[in-house]
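Novice: Build me a structure from this.
(one chain, ligands or ions: 1)
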Amino acid sequence: MSIEATTIAAPSRPVEATHPDGTIHPVWLRVTHWVNALAVLMMIGSGWQIYDASPLFRFAFPSAITLGGWLAGALLWHFAAMWLLVVNGLVYLTLGLASGRFRRKLLPIRPSQVLADMRAALSGRLSHDDLSVYNAVQRLLYLGVILCGVVIVLSGLSIWKPVQLRELVSLFGGYDVARYVHFFAMAAIVGFIAIHVTMAFLVPKSLRAMIIGR
Ligand code: HEM
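Specialist: A predicted model of the protein is given here:
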């Protein structure tokens, strides 16, 4: 049996998944995606340098993969990139909700479909033919990382302004807990990036579509 015949089709194509001119990803999505990627890399690199000044665990990040050179330099990078991340993230969330893209592309997520697509992916049978439809594993990962983005910003605000934002801090269960939440949200985002970038290079036409739109 041919590979084509055994691939599992992505969930049925939602209405208006592709623009009539063939564009899969609108310009606003591509711009906010790449600005976000840049902001996230700056946040992570500088965040690791800040962590090294007062580690939560018995390890430190090698200075070669950190940004800022020393604590004060890293804080400057972190607070500068923070504005880029938050403003760009708000634009992405607003347009994603207002345009109905999130509803069309990221929902619904059915656990049975996630399991089926995960099994198909691990056995190399998951189809990537139709780039306009995300499979259930992608939907779960994308919604998950968006949620991690919200959590990392809120926990970051808590440890940046703990006095002014004491209600937010208590929502996390205190300053120390907010610090751990901030760290684990970073770890989840780094895990996502490792899988996400690997997949982007394994399916190069998806990378092309995120650059030129189709
Ligand atoms: C240099 C690193 C990155 C590369 C090469 C990359 C590549 C891609 C590609 C090719 C897609 C489209 C997937 C598809 O059509 O199947 C995509 C979508 C997406 N990426 Fe990335 N990405 C990168 C960094 C990031 C980062 C850092 C995040 C978040 C922390 C992120 C979050 C997302 C999300 C949420 C989507 C879905 C967007 C939507 O449809 O609303 N990406 N990425």
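
Novice: What helices and strands are in contact with the one helix or strand A80 maps to?
Specialist: A80 is located in helix 71-98, with elements delineated by DSSP states H and E. Packing contacts for helix 71-98, counted by 3 or more Cβ pairs under 8 Å, 6 or more residues apart in numbering; DSSP states H and E, involve helix 27-53, helix 136-160. The C-beta positions use only the backbone N, C-alpha and C, and glycine is treated the same way.

Novice: Could you list the low-confidence segments of the chain?
Specialist: 1-17 (pLDDT under 70).

Novice: Can you pull the residues of it lying near the ligand?
Specialist: Taking Cβ under 6 Å from any ligand atom as the contact definition, the chain meets the ligand at 29, 33, 36-37, 40, 96, 101, 105, 131, 142, 145-146, 189, 193, 196-197, 200, 206-207, 209-210.

Novice: Report the spatially closest residue to G213, excluding sequence-adjacent ones.
Specialist: Once flanking residues are discounted, G213 sits nearest to T23: 4.5 Å by Cβ to Cβ, 6 or more residues apart in numbering.

Novice: Please report the number of neighbouring residues for the one you found.
Specialist: 16 (other Cβ atoms under 10 Å).

Novice: you'd agree it is up against S132?
Specialist: No - T23 is beyond contact range of S132, at 9.5 Å (criterion: Cβ atoms under 8 Å).

Novice: So which bits of stretch 34-50 are buried?
Specialist: By neighbour count on 16 or more other Cβ atoms under 10 Å, the buried set for stretch 34-50 is 35-36, 39-40, 42-50.

Novice: now do stretch 87-107
Specialist: Neighbour-count burial for stretch 87-107 flags 88-89, 92, 96, 101-102, 104-106 (criterion: 16+ other Cβ under 10 Å).
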